[in-house]
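K.L.:
dropping a prediction and its sequence here:
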Amino acid sequence: MEQRKAKILINKAGGTAGADAKNYRVALPSAWINELRIDEGSREVVLQFDGESITIRRAVPCGYAEFMDAARQRGHELLVLHFYDGDTLCTKICADRTTRTLAIENHTADVLRTAFGVNQNPTWDDLQQFLESRCVPRQRDGLRYYLAELGLETYDPLEIIRKTEGRMAEDNCRLVIVEG
């Protein structure tokens, strides 16, 4: 991973901005921009902030199939999941493990039956929370016995789902790992 130091450019905001408003910018090396394949015709990026660092990524195509194709072309590791309510496919999830991004495709208009409800742009953290919601709780008494029955040594939501399909006693839903 290449690293460089840079200075933030701070300017007074104009237009209808408040008196104390400021704009913040940083100049990026052209080699990095070229490698991201950003140019005048394709310059949309996604910014992520985790409280300590800012990540800039080229915006991936918004459709589920385009997202999956772009990730495969770049050789990224994918996790593809299908969320069912009974025999009805409700949500397809494609998670790019390399960039920790995902795309979904809902197959029902009933948001109560979709994996992420009304959230059409779930994050990696949303996926992790969803996976864990389809598992026995971490705080469950006798968890070690339960994990041993599944043949697992540690609590890993994805591995639990591989064994249980994320089935829960309170609903008729299941989560099928298609790829990954």
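P.N.:
Nice, thanks for sending it over.

K.L.:
now do the helices in this structure.
P.N.:
30-35, 64-73, 124-133, 143-150, 157-164 (DSSP state H).

K.L.:
switch those over to a markdown table; also include distance to Val176.
P.N.:
(C-beta placed from N, C-alpha, C; glycine too.) Formatted as a markdown table, the helices of the chain follow (distance: least, Cβ to Cβ, whole Å):
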| stretch | distance to Val176 |
| --- | --- |
| helix 30-35 | 36 |
| helix 64-73 | 16 |
| helix 124-133 | 13 |
| helix 143-150 | 17 |
| helix 157-164 | 9 |
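
K.L.:
quick check: which of those helices is nearest to Asp87?
P.N.:
Taking Cβ to Cβ, helix 157-164 is the member of the helices of the chain nearest to Asp87, at 17.8 Å.

K.L.:
what helices or strands is the closest one leaning on?
P.N.:
The contact analysis (3 or more Cβ pairs under 8 Å, 6 or more residues apart in numbering; DSSP states H and E) places helix 157-164 against helix 124-133, helix 143-150, strand 173-179.

K.L.:
picking up where we left off before, tabulate the helices of the chain (CSV), appending mean neighbour count.
P.N.:
Putting the helices of the chain into CSV (neighbours: other Cβ atoms under 10 Å) gives the following:
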stretch, mean neighbour count
helix 30-35, 11
helix 64-73, 16
helix 124-133, 16
helix 143-150, 13
helix 157-164, 17
